[in-house]
Every structure is written in structure tokens, then in C-alpha cells.
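*Asks:* Fold the following for me, if possible:
(4 chains)
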Number of protein chains: 4
Amino acid sequence: MTSSAQTATLRLNCRDAKGIVYNVSKFIFERGGNIIDAQQHTEELHNRFFMRVYFDRASMAVTKKELRDDLEKLAVEFDMQAEWSFSDERRRMAVMVSKYDHCLYDLLLRHQYGEINADIALIVSNHPDLEDVAAQFRVPFVHVLVDAARREEAEKRTLELLRQHYIDFVVLARYMQVLSPLMVESFRNRIINVHHGFLPAFKGAKPYHQAYERGVKLIGATSHYVTEELDAGPIIAQETVPVKHTHSVAELIAMGRDIEKKVLAAAVKAHAEDRIMVYHRRTIVFE
Amino acid sequence: MTSSAQTATLRLNCRDAKGIVYNVSKFIFERGGNIIDAQQHTEELHNRFFMRVYFDRASMAVTKKELRDDLEKLAVEFDMQAEWSFSDERRRMAVMVSKYDHCLYDLLLRHQYGEINADIALIVSNHPDLEDVAAQFRVPFVHVLVDAARREEAEKRTLELLRQHYIDFVVLARYMQVLSPLMVESFRNRIINVHHGFLPAFKGAKPYHQAYERGVKLIGATSHYVTEELDAGPIIAQETVPVKHTHSVAELIAMGRDIEKKVLAAAVKAHAEDRIMVYHRRTIVFE
Amino acid sequence: MTSSAQTATLRLNCRDAKGIVYNVSKFIFERGGNIIDAQQHTEELHNRFFMRVYFDRASMAVTKKELRDDLEKLAVEFDMQAEWSFSDERRRMAVMVSKYDHCLYDLLLRHQYGEINADIALIVSNHPDLEDVAAQFRVPFVHVLVDAARREEAEKRTLELLRQHYIDFVVLARYMQVLSPLMVESFRNRIINVHHGFLPAFKGAKPYHQAYERGVKLIGATSHYVTEELDAGPIIAQETVPVKHTHSVAELIAMGRDIEKKVLAAAVKAHAEDRIMVYHRRTIVFE
Amino acid sequence: MTSSAQTATLRLNCRDAKGIVYNVSKFIFERGGNIIDAQQHTEELHNRFFMRVYFDRASMAVTKKELRDDLEKLAVEFDMQAEWSFSDERRRMAVMVSKYDHCLYDLLLRHQYGEINADIALIVSNHPDLEDVAAQFRVPFVHVLVDAARREEAEKRTLELLRQHYIDFVVLARYMQVLSPLMVESFRNRIINVHHGFLPAFKGAKPYHQAYERGVKLIGATSHYVTEELDAGPIIAQETVPVKHTHSVAELIAMGRDIEKKVLAAAVKAHAEDRIMVYHRRTIVFE
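*Replies:* The predicted structure follows:
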């Protein structure tokens, strides 16, 4: 969960083949690294191998650049896609909100407790309401007005802000606007949204009203990466909570807040710890 | 859960009005009954009042017929729909199956443990495979072949069987055939089905394959009353179980068996204890 | 969940007898009240009957005093213990904390969302740390130093504060001090504590360390009324969360925060809505 | 979950050191094996490293004996404890029962569905009642009378039976007798019991009655390895289910059956797949 200043995480995927675990562990061993955790998964449907190695590099003689370059040979040999992250390059996240504060408070508090392996570097909102909450936790808050006439301008401004603040990934904490394809493309698999329904049921607006009318006995919440198609991106975490005929829509909404916080926090933590890989619309979430 | 030989259950619903609880409790008190449990619910959307009263009638002087007749005045006054059931008229259920045995075993065992307030009086199947299971528990088993050419004939035969065995309600325990409108109409709100998916998501065939492909992080099962529209009837119980990227479709199916049994048993128990009321596609399930 | 300005809640218990529901509903009906919800429970072990009636008294001609006085006759007849509460006398709660803020934030936010049917009127702490949190939500905060030498004085001061602020019930939101018998007696069944373990296992200090060492596969949290015996009062709500060999004690503590918040909030909501009755060390929690 | 005819599982533990993953993967790679799954865990408290490697040995030239012998060098170098299992030596389990059949049925059915990677080779009971159930599934059943006078003789007979049937591990599926130290010693970490309570609370007899009297809001079940001390062995799996004041002891028992089956099945599956390691009274259960 925590990471000291001298660890690295390597995530890779390639066609399944003999000797990958051996070659990767050899690569790390020969350079003086010590594997703390290694996990792999073979997706039989596509015969695809996925691996995540988390290792201590405190006593390694090589630089980060050398690590990256050296791995290239292995990557070519196995036709791997590889991704590195290093504990001394701590991730910076932006949170985008509208008026609901429950997910925002939850993230700010979990960050304060040291549960999230990233910094909350910026809060962007299309409403000014939550500026005070941001101030309490001393996080920069920027209000970017989004209206029909200036949608494009607002997105441009937002992208600029994300760049200025060196943002690595974006969390939509009940942000009530659809993002443009440009924004999605710029942060591919790096924008996490929470949907207040059990996807793929109850897409779109007012999912708790839909759930009430359908008379379901469980309501759900889903966190997922944002793609061009609304509420259809790769799912990261889901939760449900039992409901009864006695619960009004207002009560479903109240109960929903709890599971929204939970699935969003789970997704943010997993992303910040480099435990997620996306392949063909599904996520592999190593634990 | 259990019911001695001299209890009665009255379920009623009407427009919400002052004095219903008073009048119903008076009705029972004046005739010497003792309320064991009473529950009510007001559906604000339709301003509709629902009530279930379970009472001891051992020391009541009136007959069941008199009870029914006497209530009529109250029913007219409040424009009530009322339904009676009596512990000395134990319900008889038929279970319809195909080849999967897990839900059947679960119901037979729960019945044996005294968990279900009804008798399993008949098992009907479109395959002969589970005859042995029925025999172990000494329940009559009838194989009714269903094929494209004789679908109508098969249904007629089934309805006849249900009548002969005085069946009160029907449980589809992974029965792999769609019922005709006639059958549905004959047992309106008295046919319970288990769907191996979290409705309204994943309707129709192969829901676990659908869930796998969509990459959900929970799979579900749903028990509901059968209506003319496939997998769209009033939901009685739902459950989900967390799944991971590591689970194959075969493992989803295995995990699904456990929640299918659970939601079907919950629905059968609630139905047999007269705890369910249906209104506008939603169920009220008193506990 | 919500309560308009003109509702009342009556909780009563007595030996089980015929006609109680009838007599209580008659009592309300004859005075022009309209029952919104009524629930009852018979504890077979002690042959004891419990009832909670929630009713609209907007069109009742009688005063609250008259209601109380009139009920006395019924109470005597059935040897009832009865307790009234009225929506126009909104409850005032005090929260006692030490240094942990997660339960406090959770209660303050839920209160802000309108989930809790009471006002948070005062925060008392044996440490000054959480004064800022209280200020953000504009709740009076008093620091009452508790040390070995001045324990008695501190308790006296606290009781005085509770009186001055017209406090109806007290919530120990991870308050790290044991209360005196005087305090417990003064607020009998009106002090709610959260214990960070699954009672009756793991009483006392460092329950997460105990759980880790025992190698349990679930950790729990418990909310209960405080009695003279440590961690032995009537349980109101409990939750567990699955844990694995991979989780360190620090992670158990982090996971524990989530269920501590949940069980404490559940208890506070139920208490504030007058849904709890205590009898022989067990609670009846009407839903 | 399944295992083809040519896989092997190696479980090992040793003091944490650099290069273990590398050396183990090299060991397998050099002999032509293909790692299907590898997991490791470092217990920081004892600085102990645990690893489970599951690999395909279909194209390996070495025999099982050679594999074992070759590993010895590595084992000595790292001071490892190592344990092998091979898919072509399918495990044989015995189930011990008394009169309750729910766990027995559950295991027999799961075995039939292919969920358990072992054969149910023998059922031993101190009562004759479940002989019919055994017969339905065509598993040998032996009734071994256990009474105060012949306890020792009964145990001797049981051990003999286990030997005759080449039993690898024993499952106590609500077997209502305490085993002798000899029996425990003979099958150290190979006897799985289910306790109908949430350990370490509610040890010993009548845990559901204890739970009812204490007024808990969750009941639990626990599967664990049997040790000399009653209900104190290493825990493998635990589950809880919410209960209310409305539930009688009889209903707690009924609800308990469902979680007893669940935790016992989880433990049996994990054991049969060689996913459990025991260290200092705790289990590591690889997924």
C-alpha cells in the first residue's frame, strides 16, 4: 500500500510464452533489485499474459533511464507492452467536481490518512460551491464555468490547468458534465469516473429513479475509466447495497452516496498504486 | 417462519386513508383473534396503503368463511383488495426443472429442514435427468417432453398436472423453457423464476458470458414473478457476488450457482409465508 | 427518515396480551391521529411485547401533555412502559472525540445531508486537535482536559456542558476515555459508542492487533449503548469486512475506519429516529 | 481451479532474501516447465517469505523424483521448507459427519460439479443416519460408533480406515466429536473443521444460543485446521450474516447452515488446490 522512496513498478503484457516470469525476475535480479511483489495473469480468451512486478531498487546501480532502456530488448523479444512507474515520481491527481461534496470529502480525508499513493494537486469545478472544502484541505481550487456557449473554451482551459499542475490522472468525483473526445484522448485510461448505478444497467441520468421504478432489490455504483462512449468504459470497481420497498428515492440516493465513495476510492487507490491494466474493455486489477 | 395450525394471514391494499390500522385491528380483536405480527407500508408515489396482518385464530369463534364474508364490508368501505391465507390450508408447490440440479436440491433440502412453509408436491421436467433426485426425496416426478412441434400440447399437459396435484404456485428452478401467456395468466404472480443475472442488466441467454465480456466486477442473480415479457416481471430478491479478472466464465457459472440458490430460496420462502404483494411491477416484501 | 413538524412516536413494551395493537390504534384513531408506521415484536423468551407507532398528529385536537396523560390509563391496564417523542422537539446530540476525525467527519457530513434526525449541538474533546473540524461545520467545540489527577473534575465539567446545551444523547466517536458510572447512569441508554472490533470478540485495547495475531479472515466494528461494564453494553449495529494474509495491521486499521463510520452512523440514525428499544441487554431495532 | 494431468504446485517458505523468485523461476524454466501462476507474500512481522508456484510440466524431461531431489540444493541454500503436489496424484479426502447433512450434501454436490480438486473417497460417521446420502453419491460409508467406553478403539479404527482408503486429508462436516491428539498429530494441518460461530467469539457448544443471548447483530461461521486446542486452530475462511431482533434461535441455526456450508467449501477447495500455508497459527491463503 505504501511505497518507500526507492521502489519501482513494472507492468507488462504480451502473448503468453514460456520463460517470461524467469526473464523478468532475472532482469531485476541481475541489476540488484529485490522483488517485493509479483503477480501475473493469463487471459485465456486472448492467450495474453499480464504481469505486475513491484521491487525495491534501493541497492540497484542502474538509473531509471537505464532500466527503461535495458528492458527494451526483452520487450522486443516478447513483443511486450511495458509501463514503468517509480516511487520517487509521486503521481499528481486532479479532482473534478460539481456540487456534490461526498466523494470529494472522502478522497481528501483518505489522502490525509495516507491511504492514497498520490497527491491531490488540483480541484476543478464547473461550480464555485466547493471552494471552501478545497480550502480546508489546502488544495488549489479553480472554477471553470461550463455552459452551452463556451463548452469548448472551458475544456481548453481545463486541459491547460491539468498541464500547468503536472496532473497525471483525473478523478471525476460526481462531475456532472460529459467530457469531450479530446479530453478523453489526452488522458486515455487516466480519467476515473464514478457512476451512481450498477453498470451496464441504469446508464445515463437519474439511475436511482430508474432503479426505484424498476423495483430492484439492490442498488449499485460503478467506477470506470472514461471512454468516448457514455458510461461504457472499462469497469474498475462495483458495489451493491440491498434495498427494500420501504426506501424512497431520497433514501436510495443517501444509500448510494456510501457505495459511490467506496467504489471511487477503490479505483483511485488501485490506479495510484499502478495495479490496473486495461485490455479489450476489461480491467485487470492486481491486489 | 413457522405457523401453527390456527393462524391466518390477511394481506390488503387500498388508497391511503385514516383509520385503516384501527379498523383492521378492531375487526380481528372483536372476533377474538390475537395479532402476532402486523406490518404496513404506504407507497407515496401512488398514495397506496399496504398491510399484512398475521394473527392467531385458535380462540376465534368464527369460521374461515365468516371471516372472509365479514371483511367484505370493510373492503367495500375502503375499496380494498384483500387476500386471505390460513395455516390449515398448507400451500402446495410444483418445481419445474430441466437438467441443472443445484436449485432443486437446495429447495428439497430446505423443505426437509422445515424452512419452507409449503409442500413440494410435484416436480415437472422437460428432461428425465433429475428423476433420481426427486425419488430420493420421495416427490412425484413427471417428464413432459417439450419440443417445437408439441409445445402447446406439453403446456396443456403441464397445466393439467398442476391442477391434478392441487398446485398453488410454481417454481422455475432453472427451467430452460419460456412459458406461454396462458400458463402465465393461469398462475398470475404465482410463478417464481430465477434468472442467472442481475436484472435489468444481462437479460436473456448466457448472462454469465455477457458479464464476462463486459468485464463487470460483480455478478448477480434475480428471482422474480414471471410475466408475459421475458425477465421483466416484478423482482422479489437479488444478490451479487464480487468477481475478479482471474475468474473464467466457468468459475462465474460456479459462483453463480450459489447466489441463484439463495435468491430463489428467499423468494420461495417469502411467497410461501404470504409476505409478498405486487403492485405496478414492484414487489412489497414484508419481513 | 424525515419527520415533519407534526408527528409523534410512541414506543412501548409490556407482557404479551390480546388486544394491544387494537387498543393502541384505537387510542390514536379516536384522537384524530393517522398512523404512518407501526411495528411490533414479541420476544418469546420473555413473552414480552414491543411496539413502535409513528403517527401524524397534525389534525389532532389534543396537546402533547394530554396525549401523555391519556395514555397513562392504557399503560396501567397493560402494565406498559411507554416512551414518547415528538417531531417538534428535535433531539440534540453531543459528540465526544479524541484525535481521530473519521467518525466525526462522517457524522457532520451525514447531518449536513439531512440523514440524521437530530442536531449536532456540541462537540466535547479531551484534546484540542479537532477544533478546526468543528469550526468548519459551525458546531461549538469545548476542550475538556482529562488526566489522572483531574478525571472527576473533567467529568463534572462535561456533565455540566451537556446540561447547558440541552443534550439528549451522547455519541462517542472514537473517544478514548472510559466514562464514570455517574455519567453512564445520567445518560442510561443514551450514550452510543463505537468499538473497533467484532464484539464480544476483541474487547478492550488494540482490537486490530488482536485480530491480526489471531489470523481472522474478517474484522468487525460494533456500535452499542455504554454500560458500566467495558464493551459489554447492548449492541445496536455490527459490520464485518473480509481481510487477507496480505493485510498489515496498518491496513486493517484503515479498513476498520470504513466500518466504524458505518456502524456508528447506523446507530445514531436509529437512535435519533426512536427506533431502538433496550430489553435485557439486547436491542430491538425497528426498521 | 481445474488442473490438467501434467501440472505441479510448489509451496515454499523461508527467511526473506534477494533472488528467491529469480532462483525458483530459473529452476522451473531450466527444466522446461511453464509457470501458470506464481504468488508470493512476505510476512513482515517474522521477515518470512512464502511462495506458491503452479506450473505446467507436460514438456519437462525430469521425473517427479528428480524435481524433488533437484530442489533440495535450493532448499538448503535458502533454508527453505518446500512442499510439492502433482496433478497426477489426485488428493483423496474423507468426510466425517454425525447427523447434520447440510455440509455433507454441499460437498458432495460441489464435488459432482467439479468444483473440488480432490476425490471424496470415504465418509465416516459416529451415527448411521447419513448412510443413504452417501449411497446416493456412491461414496463408501462406514459407521464407527463412538461412546465413552470405546473412544480409543473408535479412533484407532478411524485411523485404520483413513490409511486403508489412502486418505490425504479429512473434513469434519459438523462432526460432533472432539478428536484425540494422536489423530490431530497424524493429520497435522490436514483436518479441516467448520465451527458454527465467529471465532474467536463463541467457542465451544451452542454458539447460536450464545449469540442470541448476547444480542449480536451478525452471526458467523469459521473453517479452520484442527489443533489440540478446541476451536483455536489456524483460521481458513470466515463469513457473517446480518441478524435482527426478530430472529429466533431456530432461525439463527437455519441462517447459520448457509454460511457453514460456504466457509467449509471455501476451505476444502483451497486446501485441495494447495493454496494454503500455515505459519505461526495464521494461514496464508493464496487466491
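
*Asks:* make it CA atoms for all contacts and neighbour counts henceforth
*Replies:* Will do.

*Asks:* show me what contacts residue A:238?
*Replies:* A:198, A:220, A:221, A:222, A:223, A:263, B:216, B:217, B:218 (CA atoms under 8 Å, 6 or more residues apart in numbering or on different chains).

*Asks:* hmm, I was thinking of residue A:107
*Replies:* Per CA under 8 Å, 6+ apart, neighbours of residue A:107: residue A:265.

*Asks:* would it count as being in a helix?
*Replies:* Yes. Assignment of residue A:107 by DSSP: H, G, I helix; E, B strand; the rest coil places it within a helix.

*Asks:* Out of the contacts of residue A:238, who's the most crowded?
*Replies:* Ranked by neighbour count (other CA atoms under 10 Å in any protein chain shown), the contacts of residue A:238 have residue A:223 at the top, with 32 neighbours.

*Asks:* name the element that one belongs to?
*Replies:* strand A:218-225 (DSSP states H and E).

*Asks:* do that strand and chain D meet at all?
*Replies:* No. Contact of strand A:218-225 with chain D is not found when judged by CA under 8 Å from any CA of the partner chain; the minimum separation is 15.9 Å.

*Asks:* related to what we said a few turns ago, export the contacts of residue A:238 to a markdown table and tack on pLDDT?
*Replies:* Compiled in a markdown table, those are given as follows (pLDDT from 0 to 100):
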| residue | pLDDT |
| --- | --- |
| A:198 | 91 |
| A:220 | 96 |
| A:221 | 96 |
| A:222 | 97 |
| A:223 | 98 |
| A:263 | 98 |
| B:216 | 95 |
| B:217 | 97 |
| B:218 | 96 |
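
*Asks:* Distance to residue D:188 for those residues - can I get that in a markdown table?
*Replies:* Listed next are those as a markdown table, based on distance: CA to CA, whole Å:
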| residue | distance to residue D:188 |
| --- | --- |
| A:198 | 45 |
| A:220 | 44 |
| A:221 | 44 |
| A:222 | 44 |
| A:223 | 44 |
| A:263 | 41 |
| B:216 | 40 |
| B:217 | 37 |
| B:218 | 37 |
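
*Asks:* Of those, which is the nearest to chain C?
*Replies:* residue A:263 (12.5 Å; CA to the nearest CA).

*Asks:* what's the helix or strand for that closest one?
*Replies:* helix A:249-272.

*Asks:* got the angle between that helix and helix C:249-272?
*Replies:* Angle of helix A:249-272 versus helix C:249-272, following axes from the mean of the first three to the mean of the last three CA atoms, to 10 degrees, is 170 degrees.

*Asks:* what does helix A:249-272 contact?
*Replies:* Taking CA under 8 Å, 6+ apart as the rule, helix A:249-272 contacts A:91, A:102-103, A:106-107, A:115-118, A:171, A:173, A:192-196, A:208-209, A:212, A:219-224, A:236-241, A:243, A:276, A:285, C:1, C:115.

*Asks:* Please repeat the previous calculation with a cut-off of 6 Å.
*Replies:* A:103, A:116, A:117, A:118, A:194, A:221, A:223, A:236, A:237, A:238 (CA atoms under 6 Å, 6 or more residues apart in numbering or on different chains).

*Asks:* next one: stretch A:119-136
*Replies:* Taking CA under 6 Å, 6+ apart as the rule, stretch A:119-136 contacts A:92-98, A:140-146.

*Asks:* what's the offset of it from the middle of its chain?
*Replies:* How far stretch A:119-136 lies from its chain's middle: 19 Å, per CA atoms, centre = their mean, to the nearest Å.

*Asks:* ok, and for it, which residues are buried?
*Replies:* A:119-128, A:130-131, A:133-134 (16 or more other CA atoms under 10 Å in any protein chain shown).

*Asks:* repeat for stretch A:194-214
*Replies:* Those would be A:194-203, A:207-212, A:214, for stretch A:194-214 by 16+ other CA under 10 Å.

*Asks:* what about that stretch and chain B, any contact?
*Replies:* Yes. Applying CA under 6 Å from any CA of the partner chain, one finds stretch A:194-214 in contact with chain B at residue A:201.

*Asks:* Point out where the stretch 1-150 of chain A drops to low pLDDT.
*Replies:* A:1-4 (pLDDT under 70).

*Asks:* And for residue A:44, the neighbour number?
*Replies:* 11.

*Asks:* Ignore what I typed, I meant residue A:113.
*Replies:* Residue A:113 has 12 nearby residues by other CA under 10 Å.

*Asks:* mind listing the strands for the stretch 1-150 of chain A?
*Replies:* A:7-15, A:34-43, A:48-56, A:81-86, A:91-97, A:118-125, A:141-143 (DSSP state E, counting those that start in this stretch).
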